[in-house]
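Asker: Just to be clear, the model below is a prediction. Sequence and coordinates:
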Amino acid sequence: MTPAPILLFVYNRPEHVRQCIASLQANELAAQSPLFIYSDAAKTPESREGVEQTRRFIRDIDGFASVTIIEREQNWGLARSIIDGVTTQVNHFGRVIVMEDDLIAAPFFLQFMNDTLETYKDEPRVGHIQGCDFTQDTSLPDTFLIKWTGSWGWGTWDRAWKLFNPNGKELLQQLEERNLTHRFDFNSTYGYTRMLRRQIEGKNNSWAIRWNASLFLADILSLNAGRSLIRNTGFDGSGTNCGGGGLYDSTLWLNPLPVKKLSPIEENEKAREAFVRYYHRTNCFMAKAIRRIKRTLKGDFGA
C-alpha cells in the first residue's frame, strides 16, 4: 500500500506550521508520504509578514517522500483553497489525508489514517475518516461509525468527495424538507444548522459544514478515532475561525490505534449519545455564560 498524500493548508502562522510539520515528521510513514502544502496569500497588509515567514519555512521542509508547494498569488480563503486542493489531489490519487496548520499529529496518526483508508476503501457507506476526538469520552471504543464529519485531521476517497455539494442553500432546503435538522444538530444540542444558515448568509465561509451536510444527507458514515490522534492548537486566538477558551482541546493518544473493519456498517448510537452529552454539557446556556465570564476576567475576548 502506497501511503496517501498529505494535504497541508497554511496561511500566516509560521510557529503553528513548524509544530504541525514536526509532529508529522515524527510519524514513521512521513518518509513514504507525498506532502502537498497549500500556502494562501495575504488578505491584508498586516498578514503579509506572517505569510512570508511561513513560506520561507515551508520551502526548506524535508522528511517526506516529496514536498510540493502551491503558493496562491491572491488570497483564496480557507474554504476555496481546501475545496480546490482536495478536489485536485483526490481525483489524482484516489484518497487524501487533510491537515491544517494548527493541528498536532500523534506519532501513529499517519498509520491510522492509511490503515482506515485502505480498510474501508470499498465500503460505500463510509466516506470520511476522522482522527481527532475532542469529547474525551472514555466510553467511546477505539473506532466507531457516526453520521458526522469532523474537520481536524481527516481523510476521504474520490468516490465520497464526489458527493460534496458546495451549495449551502440546497443542503439546508433538503435538511428542512426531510425534517433532519434536529438530528443533524445532535438532538438540538449544537447549532450545525445555524452554522449552515450563516454560511448561506455570508457570515462564515465554512467548507466543513457543507461537507458535513453533504454526507449526512447521503446517509454516509464517518469512521472516527475514539482516542485522539490530533490536537488542535488554534484556539489561542490566532486563527480566523477559532476564538479562545481551549474548549475543544484533546489529549494525544501516543500508541498505535488498531483498525479492524466494523460490522455491521451502521451508526454507533452510543457514540452519538456521547456527542449529545458532550454538546449538552458544553453548549448549554449556563456553560457558555460561565466560559464567557471566565474569559472576560482573563482579558480574553475571543469567540
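Answerer: Now that the structure is in, tell me what you want to look at. Numbering: from 1, shown residues only.

Asker: Now do the helices in the stretch 51-200 of the chain.
Answerer: Taking DSSP state H, counting those that start in this stretch as the criterion, the stretch 51-200 of the chain carries its helices at 78-93, 109-119, 158-161, 168-177, 181-184, 192-200.

Asker: Can you tell me which of those helices is most buried?
Answerer: helix 109-119 (a mean of 23; mean count of other C-beta atoms under 10 Å). Bear in mind the C-beta positions are built from the backbone N, C-alpha and C, glycine included.

Asker: With just CA atoms, put it into CSV.
Answerer: This file holds the C-alpha atoms of helix 109-119, laid out as CSV (Å, rounded to 0.1, in the frame of the first residue of the first chain):
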residue,chain,number,x,y,z
PHE,A,109,-1.7,9.3,13.1
LEU,A,110,-0.5,8.6,9.6
GLN,A,111,-0.5,4.8,10.3
PHE,A,112,-4.1,5.0,11.5
MET,A,113,-5.3,7.2,8.6
ASN,A,114,-3.7,4.9,6.0
ASP,A,115,-4.9,1.8,7.7
THR,A,116,-8.5,3.1,7.7
LEU,A,117,-8.4,4.5,4.2
GLU,A,118,-7.3,1.0,3.0
THR,A,119,-9.7,-1.0,5.2
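
Asker: Off-centre distance for that helix?
Answerer: The chain centre lies 16 Å from the centre of helix 109-119; the measure is C-alpha atoms, centre = their mean, to the nearest Å.

Asker: In terms of secondary structure, what does it contact?
Answerer: Here helix 109-119 touches helix 14-25, strand 95-100, strand 126-130, strand 154-157, going by 3 or more C-beta pairs under 8 Å, 6 or more residues apart in numbering; DSSP states H and E.

Asker: what pairs with the second one, and is each one parallel or antiparallel?
Answerer: If you go by DSSP bridges, strand 95-100 pairs up with strand 6-10 (parallel), strand 154-157 (antiparallel).

Asker: Dump those strands to JSON lines, plus distance to residue 180.
Answerer: Below are the strands paired with strand 95-100 laid out as JSON lines (distance: least, C-beta to C-beta, whole Å):
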{"stretch": "strand 6-10", "distance to residue 180": "30"}
{"stretch": "strand 154-157", "distance to residue 180": "22"}
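
Asker: got the ones you listed as a markdown table, with mean pLDDT columns?
Answerer: Formatted as a markdown table, the strands paired with strand 95-100 follow (pLDDT from 0 to 100):
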| stretch | mean pLDDT |
| --- | --- |
| strand 6-10 | 98 |
| strand 154-157 | 98 |
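
Asker: picking up where we left off before, nearest to residue 59 among the helices of the stretch 51-200 of the chain would be which one?
Answerer: Across those, residue 59 has its closest neighbour in helix 78-93 (18.1 Å, C-beta to C-beta).

Asker: Run through the neighbouring helices and strands of that closest one.
Answerer: Counting by 3+ C-beta pairs under 8 Å, 6+ apart, helix 78-93 packs on strand 6-10, strand 34-39, strand 95-100, strand 154-157, helix 158-161, helix 207-217.

Asker: Swap in 6 Å and give it another go.
Answerer: Counting contacts by 3 or more C-beta pairs under 6 Å, 6 or more residues apart in numbering; DSSP states H and E, helix 78-93 packs against strand 6-10, helix 158-161, helix 207-217.

Asker: what is the orientation angle of that helix with strand 95-100?
Answerer: Put simply, helix 78-93 runs at 160 degrees to strand 95-100, going by axes from the mean of the first three to the mean of the last three C-alpha atoms, to 10 degrees.

Asker: tell me the angle of helix 78-93 relative to helix 192-200?
Answerer: Using the same axes, to 10 degrees: helix 78-93 against helix 192-200 is 100 degrees.

Asker: sorry, back to before: what's the most buried one of the helices and strands packed on helix 78-93?
Answerer: By mean count of other C-beta under 10 Å, the helices and strands packed on helix 78-93 have strand 6-10 as the most buried, with a mean of 25.
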